[in-house]
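Novice: predicted model and sequence follow; I will ask about them next.
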Amino acid sequence: QLQLVESGGGLVQPGGSLRLSCGASGGSLAANAIGWFRQAPGKAREGVSCRSSDGSTYYAPSVRGRFIISRDNTVNTMYLQMNNLRPEDTGIYYCAADAAGAVQAMCRNWDRFSFGGRGTQVTVSS
(Lines give C-alpha, C1' and ligand atoms only; values in the text may rest on other atoms or scores of the structure.)
Protein backbone atom coordinates (compact mmCIF):
# COMPACT_ATOMS: atom_id res chain seq x y z
CA GLN A 1 0.00 0.00 0.00
CA LEU A 2 1.33 3.39 -1.00
CA GLN A 3 1.49 5.84 1.90
CA LEU A 4 1.71 9.59 1.26
CA VAL A 5 2.77 12.29 3.72
CA GLU A 6 2.56 16.00 2.93
CA SER A 7 4.82 18.68 4.37
CA GLY A 8 5.79 22.27 3.71
CA GLY A 9 2.60 24.07 4.63
CA GLY A 10 2.53 27.16 6.81
CA LEU A 11 1.63 30.81 7.09
CA VAL A 12 2.74 33.08 4.28
CA GLN A 13 1.95 36.66 3.28
CA PRO A 14 0.10 37.43 0.06
CA GLY A 15 2.53 37.40 -2.84
CA GLY A 16 4.79 34.90 -1.12
CA SER A 17 5.76 31.38 -2.08
CA LEU A 18 5.66 27.91 -0.58
CA ARG A 19 6.75 24.52 -1.81
CA LEU A 20 4.71 21.56 -0.67
CA SER A 21 6.26 18.11 -0.65
CA CYS A 22 4.59 14.72 -0.61
CA GLY A 23 6.81 11.79 0.27
CA ALA A 24 5.74 8.29 -0.69
CA SER A 25 6.54 4.97 0.96
CA GLY A 26 5.41 1.40 0.42
CA GLY A 27 5.58 1.79 -3.34
CA SER A 28 6.84 3.92 -6.21
CA LEU A 29 5.32 7.12 -7.53
CA ALA A 30 7.25 6.86 -10.77
CA ALA A 31 4.62 5.24 -12.98
CA ASN A 32 1.58 6.73 -11.28
CA ALA A 33 -0.65 9.66 -11.96
CA ILE A 34 -0.26 12.25 -9.21
CA GLY A 35 -2.34 15.14 -8.00
CA TRP A 36 -2.77 17.95 -5.52
CA PHE A 37 -6.13 18.94 -4.09
CA ARG A 38 -7.17 21.55 -1.56
CA GLN A 39 -10.10 22.23 0.70
CA ALA A 40 -10.96 25.65 2.05
CA PRO A 41 -13.14 26.04 5.16
CA GLY A 42 -16.75 25.40 4.30
CA LYS A 43 -15.99 24.40 0.74
CA ALA A 44 -15.67 21.15 -1.17
CA ARG A 45 -12.30 19.64 -1.95
CA GLU A 46 -11.08 20.80 -5.35
CA GLY A 47 -8.36 19.68 -7.72
CA VAL A 48 -5.45 22.09 -7.97
CA SER A 49 -3.12 20.27 -10.33
CA CYS A 50 -2.71 16.76 -11.66
CA ARG A 51 -0.28 14.92 -13.87
CA SER A 52 -1.19 11.69 -15.60
CA SER A 53 1.16 8.77 -16.10
CA ASP A 54 1.85 9.91 -19.69
CA GLY A 55 2.96 13.34 -18.47
CA SER A 56 -0.15 15.32 -19.35
CA THR A 57 -0.66 18.10 -16.83
CA TYR A 58 -3.72 20.01 -15.67
CA TYR A 59 -3.92 23.16 -13.58
CA ALA A 60 -7.08 24.66 -12.19
CA PRO A 61 -7.69 28.05 -13.84
CA SER A 62 -7.30 29.83 -10.50
CA VAL A 63 -3.69 28.61 -10.10
CA ARG A 64 -2.51 28.42 -13.71
CA GLY A 65 0.71 30.38 -14.16
CA ARG A 66 1.37 30.47 -10.39
CA PHE A 67 1.64 26.81 -9.32
CA ILE A 68 3.88 24.06 -10.68
CA ILE A 69 3.47 20.34 -10.09
CA SER A 70 6.52 18.11 -10.28
CA ARG A 71 8.01 14.89 -9.03
CA ASP A 72 11.46 13.54 -8.25
CA ASN A 73 11.49 9.79 -8.77
CA THR A 74 14.92 9.43 -7.18
CA VAL A 75 13.48 10.39 -3.81
CA ASN A 76 9.93 9.16 -4.48
CA THR A 77 8.46 12.59 -3.79
CA MET A 78 6.06 14.92 -5.55
CA TYR A 79 5.97 18.69 -5.14
CA LEU A 80 3.71 21.65 -5.58
CA GLN A 81 5.55 24.95 -6.02
CA MET A 82 3.15 27.78 -5.19
CA ASN A 83 4.07 31.33 -6.15
CA ASN A 84 2.31 34.68 -5.84
CA LEU A 85 0.01 33.25 -3.22
CA ARG A 86 -3.35 34.84 -2.57
CA PRO A 87 -5.65 34.72 0.48
CA GLU A 88 -8.05 32.56 -1.51
CA ASP A 89 -5.35 29.89 -1.77
CA THR A 90 -5.80 29.23 1.94
CA GLY A 91 -6.82 25.68 2.78
CA ILE A 92 -5.69 22.19 3.55
CA TYR A 93 -3.65 20.74 0.70
CA TYR A 94 -3.69 17.02 -0.03
CA CYS A 95 -1.57 14.94 -2.37
CA ALA A 96 -2.88 11.89 -4.19
CA ALA A 97 -1.53 9.12 -6.40
CA ASP A 98 -2.69 6.38 -8.76
CA ALA A 99 -5.58 7.29 -10.98
CA ALA A 100 -6.59 6.43 -14.52
CA GLY A 101 -8.17 8.37 -17.33
CA ALA A 102 -7.88 11.87 -18.71
CA VAL A 103 -5.91 14.23 -16.51
CA GLN A 104 -8.62 16.89 -16.27
CA ALA A 105 -11.22 14.32 -15.32
CA MET A 106 -9.07 12.83 -12.58
CA CYS A 107 -8.42 16.26 -11.19
CA ARG A 108 -12.11 16.91 -10.79
CA ASN A 109 -12.63 13.99 -8.45
CA TRP A 110 -10.50 13.10 -5.44
CA ASP A 111 -12.15 9.68 -5.32
CA ARG A 112 -10.55 8.68 -8.61
CA PHE A 113 -7.21 8.39 -6.85
CA SER A 114 -6.35 5.20 -4.99
CA PHE A 115 -4.10 6.82 -2.41
CA GLY A 116 -4.17 10.15 -0.60
CA GLY A 117 -2.35 11.95 2.18
CA ARG A 118 -3.78 13.54 5.29
CA GLY A 119 -3.07 17.10 4.27
CA THR A 120 -1.00 20.12 5.23
CA GLN A 121 -2.39 23.54 6.14
CA VAL A 122 -1.60 26.56 3.98
CA THR A 123 -2.64 29.97 5.25
CA VAL A 124 -2.15 33.10 3.16
CA SER A 125 -2.66 36.19 5.26
CA SER A 126 -1.04 39.47 6.12
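Specialist: Perfect, I can see it now.
Novice: drop to CA atoms for contacts and neighbour counts, all remaining ones
Specialist: Will do.
Novice: tell me where this structure has strands.
Specialist: For the chain, applying DSSP state E gives strands covering 3-7, 10-12, 18-25, 34-39, 46-51, 57-59, 67-72, 77-82, 91-97, 115-116, 120-124.
Novice: so residue 120 versus residue 94, what's the distance?
Specialist: Per CA to CA, to the nearest Å, residue 120 is found 7 Å from residue 94.
Novice: lowest-confidence helix or strand of this structure?
Specialist: helix 103-106 (a mean of 94; mean pLDDT, DSSP states H and E).
Novice: show residues contacting it.
Specialist: The contact list for helix 103-106 (CA atoms under 8 Å, 6 or more residues apart in numbering) reads 50-52, 56-58, 99-100, 112-113.
Novice: again, 10 Å this time
Specialist: With contacts defined as CA atoms under 10 Å, 6 or more residues apart in numbering, helix 103-106 is touched by 33-35, 47, 49-60, 98-100, 112-113.
Novice: so how far is residue 47 from residue 58?
Specialist: Using CA to CA, residue 58 is found at 9 Å from residue 47.
Novice: who touches both of the two?
Specialist: Common neighbours of residue 58 and residue 47, using CA under 10 Å, 6+ apart, are 35, 104-107.
Novice: quick check on the residues you listed: which are buried?
Specialist: The neighbour-count test (16 or more other CA atoms under 10 Å) applied to the shared contacts of residue 58 and residue 47 identifies 35, 104, 106-107 as buried.
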